[in-house]
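Novice: task: produce atomic coordinates for the following.
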Amino acid sequence: MTYVVTDNCIRCKYMDCVEVCPVDCFYEGENMLVIHPDECIDCGVCEPECPAEAIKPDTEPALDTWLKLNADYAEKWPNITVKREAPADAKAMDGVEGKLEKFFSPEPGQGD
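Specialist: The predicted model follows:
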């Protein structure tokens, strides 16, 4: 098992999770974070820290697409271990449907 970041992170990008991760397995894109599935130790401390409830265990149904997206972009994006401020419109974007299709950016974030 591993944890994956799902669509509600897109344009919310709260970073509370990166501070609690004991193995620094978060990677930063322009408008979301991902978890490297091979680095995640399945401790689960990140899941309750996400205000957008965007982190899920990969054992939940229908997360194959998100597992692949997390694995692919964790190889391309920089590692992030330090919490920064969420985007100004994060609260407004929380819960918006169809974020992957409408807002996902494959561009990397700044990382540490």
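Novice: for the rest of this, base every contact and every neighbour count on C-alpha atoms.
Specialist: Noted.
Novice: quick one, strands of the chain?
Specialist: Under the criterion DSSP state E, the chain carries strands at the ranges 3-5, 26-28, 33-35, 55-57.
Novice: what's the closest of these to Y14?
Specialist: When these are ranked by proximity to Y14, the top entry is strand 33-35, at 8.6 Å, counting by Cα to Cα.
Novice: okay, now the sheet partners of the closest one, with direction.
Specialist: Strand 33-35 has the following sheet partners, assigned by DSSP bridges: strand 26-28 (antiparallel).
Novice: one step back: JSON lines for the strands of the chain, including mean neighbour count and distance to P106?
Specialist: Putting the strands of the chain into JSON lines (neighbours: other Cα atoms under 10 Å; distance: least, Cα to Cα, whole Å) gives the following:
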{"stretch": "strand 3-5", "mean neighbour count": "26", "distance to P106": "14"}
{"stretch": "strand 26-28", "mean neighbour count": "27", "distance to P106": "10"}
{"stretch": "strand 33-35", "mean neighbour count": "30", "distance to P106": "11"}
{"stretch": "strand 55-57", "mean neighbour count": "20", "distance to P106": "19"}
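Novice: for these, could you give me TSV that also reports distance to K91 and mean pLDDT?
Specialist: Output for the strands of the chain, formatted as TSV (distance: least, Cα to Cα, whole Å; pLDDT from 0 to 100):
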stretch	distance to K91	mean pLDDT
strand 3-5	17	97
strand 26-28	19	98
strand 33-35	16	98
strand 55-57	17	97
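Novice: now D24. Nearest residue, chain neighbours left out?
Specialist: T81 (5.8 Å; Cα to Cα, 6 or more residues apart in numbering).
Novice: count the neighbours of the one you found for me.
Specialist: 22 (other Cα atoms under 10 Å).
Novice: helices of this protein, residue ranges please.
Specialist: Taking DSSP state H to define them, one finds helices in the chain at 16-20, 64-74, 90-93, 99-103.
Novice: ranking the ones you listed by burial, who's on top?
Specialist: Relative to the other members of the helices of the chain, helix 16-20 carries the highest mean neighbour count by mean count of other Cα atoms under 10 Å, namely a mean of 20.
Novice: identify the residues contacting it?
Specialist: Contacts made with helix 16-20 from outside it, assessed by Cα atoms under 8 Å, 6 or more residues apart in numbering, are listed as 24, 26, 45-47, 49-51, 80-83.
Novice: lovely, talk soon.
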